[in-house]
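Undergrad: What follows is a predicted structure for the sequence shown.
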Number of protein chains: 2
Amino acid sequence: MKKFLLLTFLSWILLGIATAQELKSPGGKFTMNFALQSDGSPIYTLTYKGKVVIKPSKLGLELKYEEPKMKEGAEADMKQKIANPKASLFDNFSVVDTKTSSFDESWSPVWGELKTIRNHYNEMAVTLQQKDTERRMIIRFRLFDDGLGFRYEFPSQKNLIYFVIKEERTQFAMTGDHTAIWLPGDYDTQEYDYTTSKLSEIRGLMDKAITPNASQTPFSPTGVQTSLMLKSTDGLYINIHEAALINYGCMHLNLDDQNMVFQAWLTPDANGDKGYMQAPCTSPWRTVMASDDARDIVASKMIYNLNEPNKIKETSWIKPVKYVGVWWEMITGKSTWSYTDEYPSVQLGVTDYSKAKPNGKHGATTANVKKYIDFAAQNGFGGVLVEGWNVGWEDWFGNSKDYVFDFVTPYPDFNIQELSDYAKSKGVKLIMHHESSSSVRNYERHIDTAYKFMKKYGYDAVKSGYVGNIVPRGEYHYSQWINNHYLYAIQKAAEYQIMVNAHEAVRPTGIARTYPNLIGNESARGTEYQAFGGTKANHVTILPFTRLLGGPMDYTPGIFEMDLSKVNPSNHSHVNSTLANQLALYVTMYSPLQMAADLPENYNRFPDAFQFIKDVAVDWQDSKYLEAEPGEYITVARKAKDTGKWFLGSVNGYNARTATITLDFLDAGKKYVATIYADAKDADYKTKPQAYSIRKLVVNNKSKLSQFAAPGGGFAVSFEEGDKIKK
Amino acid sequence: MKKFLLLTFLSWILLGIATAQELKSPGGKFTMNFALQSDGSPIYTLTYKGKVVIKPSKLGLELKYEEPKMKEGAEADMKQKIANPKASLFDNFSVVDTKTSSFDESWSPVWGELKTIRNHYNEMAVTLQQKDTERRMIIRFRLFDDGLGFRYEFPSQKNLIYFVIKEERTQFAMTGDHTAIWLPGDYDTQEYDYTTSKLSEIRGLMDKAITPNASQTPFSPTGVQTSLMLKSTDGLYINIHEAALINYGCMHLNLDDQNMVFQAWLTPDANGDKGYMQAPCTSPWRTVMASDDARDIVASKMIYNLNEPNKIKETSWIKPVKYVGVWWEMITGKSTWSYTDEYPSVQLGVTDYSKAKPNGKHGATTANVKKYIDFAAQNGFGGVLVEGWNVGWEDWFGNSKDYVFDFVTPYPDFNIQELSDYAKSKGVKLIMHHESSSSVRNYERHIDTAYKFMKKYGYDAVKSGYVGNIVPRGEYHYSQWINNHYLYAIQKAAEYQIMVNAHEAVRPTGIARTYPNLIGNESARGTEYQAFGGTKANHVTILPFTRLLGGPMDYTPGIFEMDLSKVNPSNHSHVNSTLANQLALYVTMYSPLQMAADLPENYNRFPDAFQFIKDVAVDWQDSKYLEAEPGEYITVARKAKDTGKWFLGSVNGYNARTATITLDFLDAGKKYVATIYADAKDADYKTKPQAYSIRKLVVNNKSKLSQFAAPGGGFAVSFEEGDKIKK
């Protein structure tokens, strides 16, 4: 501690700083220091238990200067008249006010890992004023016991009204050449495999890390995405991310790999500009979590806490659900989204599908959907997703097609009224699918009609998709303007009491706290990639440390047949996971929306294992992270919100291991029959993924569980009150 | 004639062409020759009465080649597999089919200058096939007795499905250094003054011609807009334009001023691409009109004839109208669109207007609008336009503001229910105003609600506006994608039986034939510029040769007070027109929508002159162009559709003149009292614009009228059957 303080003091002196302001977290684990350098540049540092997490790092924004334009008419001249209109917002500041405060409040999410979430932080809001422009900017710091959040605030003022961000200059200076688990920074996709390397190795590994995608725009050889997970040589787990990404470009991090300093790198618009702002307004929160225990990172609710409370008053219609769907058969190539192969391309309203020759492989037929509805009803699934039900799939992708879907016209072989009635009779909800093909204007033009159509036919949830390059052309998936679209679709859905599960949309940053009808996102590499050549076997041990911090993922687990040539002879992909690992995902990958993604016939082959998917809950009153090491393993136990039953999931990376777990999370004084779904001793994600065993034990909260997990494997446990094992 | 044929023959030989295909216009005035050069490049020529209009000029398109992208999922590979995917569409062609046909049909426009329009042409459709790609393209030529139209057609085929236009390579090779009346080519504005110069002088005059505008993107020192009016030294009037601009970028012309060859220059999107196409599809028509009599150009209906017939079945709700409006007082700066000056900026839904301090100059108050309604009712105007009625005008412009208007929330001092009731009681229709500020997504998000709001309050016409740079940023006012928006707004308006008058939208190209609810556009420099520093005094002698060929303009004539400091002491603009010229505009500037733009108090000062505006019709059964010389004068007589009354208008350029007109258009055997509103002898647009005289004569179809017109002046005549002059 002393050593650090000395270092900090020396740093301050080196940086030309006499005094600094300090903020401590409620429990005292974290200390944040803020100061101005001699040129009026704001900087901050962060320490955790006396260890430096963030070395002195600059704060501020670079603005774009544009010559004022002529105004039509003789109306008032609105030009901003300031001394130095070309000034940015990163220097020449002085502190004119500092306010500190504390906050401690618990809130109950509509759905989640916990019944109540504590939001506890100390806050420091520093008001800065720029000497020559008289512009004011507030930097608001919130220091929790799990980390730091801070943001820029631009209050209403006469010298800063409209401004354009050229680049945000926020820095995160690392203390050394940490190990990072990173995704290539990209304006259009998050669907990469993670690479684990030293920071200094990122540049050399970048090319290999950038695998092909339907839409992708990497921007720098050292550019990475958030949430970024790091581990220092002195044993700190560090996570850099953002919260409440609203009306702003998504933040990436660009590494200065000489000095190991990350700088914010926002997603630009078609002109290369990075943000159009109107005061009063704020940036999203920039977050830094740190701990010497990796479990603190995966368990953190800091990202949610930095978001605004729920804005949807009546939420009884927002319901977690397990579902099946007409999907994996298309993803694997067994069947098709499209109805016909007859035309080189189609034009909605012109192509006469009633006269088209069916290709014989269309997935979303009335008969096939009924099969899935039956399967869902028989096995207790609440929803059936159907993709490829609407006209336009023959050339939906890769053509920058503007009017690609209308979202309301079924193919001739999909009888929506009949299926709507049938689903209702079976107590199952159909789940709508709106693939926009990233033709965002076209989706917005049809969105009201499409949502009304859903309500007419009894759908109350939609999976939306943004595959391919954005139209309007030149925009990116994560720019401010397109981010505003995703929120528009969520807000409009809320008006119709519709739940949204948006794929290929910007990564979530906790906004589901504010709009809990956002019940899922993809925004990372999901199970589908197991059918496109495969995914690294430790992928699912990383996602809870990164992608899931901002919100649930529609990961679509539950694949039982790993050899996809058995589903579709021309698909030679292998699912890099054991069957037991697939079961564990229902617990480790928290989501209020959990799919059983495989084909019904594959579940019917393994009814004993399938039982876990049928049993597992989707909404929780409590969650306990028992073990966690990013890239290696995660073990979590959760208590179901409705029944109070406990479930446990553990996923494993490349190295076989035996977990030793104390079951002290179980309710004291109760006995449970634990059903353990685990890898067999010879299981391996590559060679023997379907080797599993199921055993039952009577346990209590004093019990210990020693459990083997194969490479790419894991185990899942359900706990039922009782002391008798049924045979 | 012989000389030309020899020249052509020699040209053909020089160009390596053995045979060519010829098309003649129905009356034989025009001859079009089409041929392929030895490299398979298509070329054409055009002659009028033996004089060359277009020298051998190339045809075709340059395509953009993009590497095919990976397709998500295992679905069918949609890549276009062709021998040479990088091939463009301008060479390597052979003719595989030629079809000729004739067409002669008359149609009745919903509104217009004529009761019926004859559509008479000979057609040649040449099907070209490219050797290495097997791609097919049809060039369809239609030769009328007023000129040539041709377009590219891309039939459905397996080797050309989706393609991106890098540039259209259509050429228009001039025979010499013609005189051109041109506007600087610009992706964002058409609101320039015309410059008259030799083609060779364009480059030197360009900088001066580009005057400031709210949004402007000039692209080349020799780039000009269509419709382009030219005059050759051998006395030919030539006009180059386009028709049926649908789902395509607006065409400009770029001059090779060494060879005097114009080449098409399309408006790009944010990426610089110039068109996203899906076969089957077509380009717009490229048009070349020519005549030795300038009246043939202004009278031509060729642009309309090249458009599709009316697609709106029930049209009784589409009604030409004269209107007044709360507008000129804002344009001149006497009053404001905005309600308050209190805030540096406003945010819809946040700013509380009910608590804002009014600026005391707001134009759209309930009381003021009632005054205009009263004035309209008293003087027989059917409509009252009100701008600045809805919240958001405080910072509406120049800020790239996304959510700038909601189109449905009135200012606190605008009682829409009361005004709606009041207008109805007076038999007057309120005209809606939707200023989008070019925030196109925002407008589309609100357009349904806004149109419904209009119908609720009895509005059946909307003036829409697109001031400032387009949002999405990077797009231009005339790109394919934004052009599609204008059409969307028109089509959607038709669903609600709403008429559209779109300002700052792309220039019309006759699509009002297809969508006759498009009753007006601005798309050129309108009267408002007389309040922004003035416009050239001969501007209105040019517009009918250029801008009006594609559709009516909401020019907003009728300014009686030319010294604008009398309207607003701080406005020092002068209206460069005489009062008599302003009256003539109601006849010379054909539009189904005619405003009396000046303030009621200015009309009340000149009740005798105002009588013409009250009397003049807005819909016509016949029109006779009696005199025409672009930049100098235009005289036209029109017969009202409903009453059969004749009206005559004549506008004059910079040089005083005396027109001698034979009134042989009048119905034979009838006598008329002609009321002549004319410049006084000492009138002058600059020094004495309000000097006019009104006299009455009894005339018949043998009468001749000798009439003085001052610089920037003109005259207007109404003819009423009878032989007695009332005092």
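TA: The structure has been received and is ready for your questions.

Undergrad: mind giving me the domain ranges of chain A?
TA: A:20-305, A:309-370+A:379-523, A:564-727 (automatic domain parsing).

Undergrad: who's in contact with the nearest residue to A:Leu385 once chain neighbours are set aside?
TA: The spatial neighbour of A:Leu385 that comes closest, neighbours along the chain excluded (Cβ to Cβ, 6 or more residues apart in numbering or on different chains), is A:Gly325 at 3.1 Å. C-betas here are computed from N, CA, C, even on glycine. A:Gly325 makes contact with A:372, A:383-387, A:431, A:595, A:597 under the criterion Cβ atoms under 8 Å, 6 or more residues apart in numbering or on different chains.

Undergrad: at 7 Å instead, please
TA: A:372, A:384-386, A:431, A:595 (Cβ atoms under 7 Å, 6 or more residues apart in numbering or on different chains).

Undergrad: ditto for A:Asn521
TA: A:502, A:505, A:508, A:551, A:553-554.

Undergrad: can I get these in JSON lines with pLDDT and secondary structure?
TA: Formatted as JSON lines, the contacts of A:Asn521 follow (pLDDT from 0 to 100; DSSP: H, G, I helix; E, B strand; the rest coil):
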{"residue": "A:Ala502", "pLDDT": "98", "secondary structure": "strand"}
{"residue": "A:Ala505", "pLDDT": "98", "secondary structure": "coil"}
{"residue": "A:Pro508", "pLDDT": "98", "secondary structure": "coil"}
{"residue": "A:Gly551", "pLDDT": "98", "secondary structure": "coil"}
{"residue": "A:Met553", "pLDDT": "98", "secondary structure": "strand"}
{"residue": "A:Asp554", "pLDDT": "98", "secondary structure": "coil"}
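
Undergrad: Now do the contacts for the residue nearest to A:Met260 when sequence neighbours are not counted.
TA: Distances taken as Cβ to Cβ, 6+ apart place A:Met174 nearest to A:Met260, at 4.2 Å, with adjacent residues excluded. Listed by Cβ under 7 Å, 6+ apart, the contact partners of A:Met174 are A:199, A:260-261.

Undergrad: A:Glu201: neighbouring residues, count only.
TA: Neighbour count of A:Glu201, defined by other Cβ atoms under 10 Å in any protein chain shown: 16.

Undergrad: typo on my end, A:Phe93
TA: So A:Phe93, with other Cβ under 10 Å, has 25 neighbours.

Undergrad: Also A:Glu387?
TA: As a burial measure, A:Glu387 scores 23 neighbours (other Cβ under 10 Å).

Undergrad: Not counting residues beside it along the chain, what's closest to the residue of the stretch 551-700 of chain A found nearest chain B?
TA: Residue of the stretch 551-700 of chain A nearest chain B, by Cβ to the nearest Cβ: A:Asn571 (5.5 Å). Spatial nearest neighbour of A:Asn571, chain neighbours left out: A:Leu564 (4.3 Å); criterion: Cβ to Cβ, 6+ apart.

Undergrad: what about the helices in chain A?
TA: Along chain A, the segments classed as helices by DSSP state H run A:2-14, A:202-209, A:294-299, A:302-305, A:328-331, A:366-379, A:416-425, A:440-456, A:480-495, A:579-588, A:600-605, A:607-615.

Undergrad: re the thing from before, can you give me the distance of the residue nearest to A:Met260 to A:Lys58?
TA: 14 Å (Cβ to Cβ, to the nearest Å).

Undergrad: returning to that earlier point: which ones among the contacts of A:Gly325 lie within strands?
TA: Using DSSP state E, the subset of the contacts of A:Gly325 located in strands is A:384-386, A:431, A:595.

Undergrad: Quickly check those residues for the two that are furthest apart.
TA: Farthest apart among the ones in strands among the contacts of A:Gly325 by Cβ to Cβ are A:Val386 and A:Met595. That separation is 12.6 Å.

Undergrad: got a pLDDT number for A:Lys86?
TA: If you check A:Lys86, the pLDDT there is 79.

Undergrad: Look at the residue lying closest to A:Ile303 once chain neighbours are set aside and say how many residues are nearby.
TA: Nearest non-adjacent residue to A:Ile303, counting by Cβ to Cβ, 6+ apart: A:Gly510, 4.0 Å away. Close neighbours of A:Gly510, defined as other Cβ under 10 Å, add up to 25.

Undergrad: where does A:Gly16 land on pLDDT?
TA: pLDDT, A:Gly16: 64.

Undergrad: Got the phi and psi for the residue of the stretch 351-500 of chain A found nearest chain B?
TA: Residue nearest to chain B within the stretch 351-500 of chain A: A:Gly474 (3.3 Å; Cβ to the nearest Cβ). For A:Gly474, the backbone dihedrals (degrees, to the nearest 10) come out as phi 100, psi -20.

Undergrad: Kindly report the same for the one 4 residues further on.
TA: Dihedral angles phi and psi of A:Tyr478 (degrees, to the nearest 10) take the values phi -120, psi 20.

Undergrad: isn't it right next to A:Cys250, touching?
TA: Yes - in terms of Cβ atoms under 7 Å, A:Tyr478 counts as a neighbour of A:Cys250; the distance is 3.6 Å.

Undergrad: Looking only at neighbour counts, state which of these two leads.
TA: A:Tyr478 (28 against 24).

Undergrad: The more buried one: what's it in contact with?
TA: A:187, A:249-250, A:267, A:506.

Undergrad: quick one: which of the ones in strands among the contacts of A:Gly325 is nearest B:Thr127?
TA: For the ones in strands among the contacts of A:Gly325, the nearest to B:Thr127 is A:Val386 (43.2 Å; Cβ to Cβ).
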